[in-house]
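Undergrad: Sharing a model that was predicted from the sequence below.
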Amino acid sequence: MATEGFRALDEKSLIEYVKATPSLCSKLGNQLDDLQIKEVGDGNLNFVYIVIGSAGSFVIKQQALPYIRCIGESWPMTKERAYFEALTLKEHGRWCPDRVPEVYHFDRAMALIAMRYLEPPHIVLRKGLIAGVEYPLLAEHMSEYMSKTLFCTSLLYHSTTVHRLAVAEFCGNLELCKHTEQVVFSDPYKEFCERAQALIHGDLHTGSVMVTCDSTQVIDPEFAVYGPMGFDIGAFIGNLILAFFSQDGHADPVNDRKAYKQWILRTIEDTWNLFQKKFTTLWDEHKDGSGEAYLSAIYNNPELFLLAKRKYMKDLLHDSLGFGSAKMIRRIVGVAHVEDFESIHDASKRAYCERRALEFAKMLLKERRRFQTINEVVIAIQDLP
Ligand code: ADP
Ligand code: SR1
Ligand code: MG
Ligand code: MG
Ligand code: MG
């Protein structure tokens, strides 16, 4: 990306930027005195500022650094990722507006996005899982987000022409894909690079979801690309499994976390089952639309159509389990560990939790094809010695 027109902002210079940007002023009801600005970026890469005025608020995310924030200059990363994040927030927001924060403003030269401020009590899901909070609508909401965004950006919904143009656009996010290939995969699980199945979020761990008891919002799709659907589903489910295995390290005399572990398992099961139901319902509803993944001869034969759907969903479950376990392994022995384990202060307890998660992930990666239902996966988690 050209560096022309780019300047890294801080809490002070951001005020001047806001004042010089009419669309942002109007979001604040043009009340620009006494703005409160605070940098809250706790992710691995970027800067996030909350801007609150007397008549409005928003969040500014700036992909300011040409490298990974939590690593340093030795690991470069293009600022162009802001463009793909903004594009994906808008595209996923088009299909699932209730689960994606609205984008108010995008400045490509500044690698800067202004979006809805997910006000308290929204917190990052990973932190809620560490604290042992139940979210009764999480599976319902995440299955809605994943079924709508993945189905509506796939060839099941779009013509080959529309799909290819979109794939071509997102091929530009090549540096971030290279990063994912490097940190999540090595042979034999290389399928990630070969599939352009749908516009995936690309980094759908529990730190990319903000929640309250009745709201679920998906943030941070800077790694978005046309890739395999199972990469998103697996990221979400795999991170729930990590949360499950970390619970023993968070148990204390007041709360043994046993009931909470059962809630996590139910959420894993519900997420996949609801996803499957919603995804296949969308497929039924749009079978006579412009999608070009299958011949109409298949759609017009109810038996064949049912077989096609069953095969698609079985393959997708296996893909999700494979990608999910690769992502779990990466978070334990690779770069960028997760707070679920890192926040367990007792080193021997942490090692116990990590070892069990790693054992399970290794088995799941190798034996994923033997699981016919998500319930079998949940039973295997429970049965781990
Ligand atoms: P990174 O790409 O560096 O991981 P994120 O987009 O995940 O950045 O944002 C980092 C943090 O900023 C999040 O964990 C969350 O605490 C906060 N945040 C991001 N977007 C919003 C938002 N729209 N509303 C409120 N807080 C947000
Ligand atoms: C050093 S790796 C940083 C990681 O943070 C993001 O959330 C992605 O998962 C990336 O791999
Ligand atoms: Mg993040
Ligand atoms: Mg929205
Ligand atoms: Mg990010």
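TA: That came through, no problem. Ligands and ions are numbered 1, 2, ... in the order given.
Undergrad: Could you use CA atoms for every contact and neighbour count after this?
TA: OK.
Undergrad: check contacts around L118.
TA: Contact analysis of L118 by CA atoms under 8 Å, 6 or more residues apart in numbering lists 101, 210.
Undergrad: so which helix or strand takes in it?
TA: Per DSSP states H and E, L118 falls between elements, in no helix or strand.
Undergrad: How about the secondary structure of I60?
TA: Using DSSP: H, G, I helix; E, B strand; the rest coil, the structure places I60 in strand.
Undergrad: and the residue nearest to it when sequence neighbours are not counted, how many residues sit next to it?
TA: Leaving aside its chain neighbours, I60 sits nearest to A114 (4.5 Å; criterion: CA to CA, 6 or more residues apart in numbering). For A114, the neighbour count with other CA atoms under 10 Å is 24.
Undergrad: Let me know the distance separating A114 from E175.
TA: According to CA to CA, to the nearest Å, A114 and E175 sit 23 Å apart.
Undergrad: One more: E181?
TA: From E181 to E175 the distance is 10 Å (CA to CA).
Undergrad: hey, which helix is longest across this protein?
TA: Longest helix in the chain, counting residues (DSSP state H): helix 302-333.
Undergrad: Helices of the stretch 251-385 of the chain, start to end?
TA: For the stretch 251-385 of the chain, helices defined by DSSP state H, counting those that start in this stretch occupy the ranges 258-285, 296-299, 302-333, 339-342, 347-367, 374-383.
Undergrad: same thing with the stretch 101-250 of the chain?
TA: Ranges of helices in the stretch 101-250 of the chain, per DSSP H, counting those that start in this stretch, are 125-131, 138-152, 160-170, 174-184, 229-250.
Undergrad: can you tell me which residues contact G289?
TA: G289 makes contacts with Y157, as judged by CA under 8 Å, 6+ apart.
Undergrad: What parts of the stretch 251-385 of the chain come near ligand 2?
TA: Residues of the stretch 251-385 of the chain lying close to ligand 2 (CA under 6 Å from any ligand atom) are 335-336.
Undergrad: Pass me the low-pLDDT residue ranges in the stretch 251-385 of the chain, would you?
TA: Of all residues in the stretch 251-385 of the chain, none has pLDDT under 70.
Undergrad: what about the closest residue to ligand 1 within the stretch 251-385 of the chain, distance to M328?
TA: Closest residue of the stretch 251-385 of the chain to ligand 1, CA to the nearest ligand atom: A336 (11.1 Å). Separation of A336 from M328 (CA to CA): 11 Å.
Undergrad: Tell me which of these two has more neighbours.
TA: M328 (31 against 13).
Undergrad: from memory that one sits against F360, does it?
TA: No: between M328 and F360 no contact is recorded; they are 9.4 Å apart, counting by CA atoms under 8 Å.
Undergrad: that older thread, between the helices of the stretch 251-385 of the chain, which one is closest to ligand 4.
TA: Nearest to ligand 4 among the helices of the stretch 251-385 of the chain is helix 258-285; the distance by CA to the ion comes to 19.4 Å.
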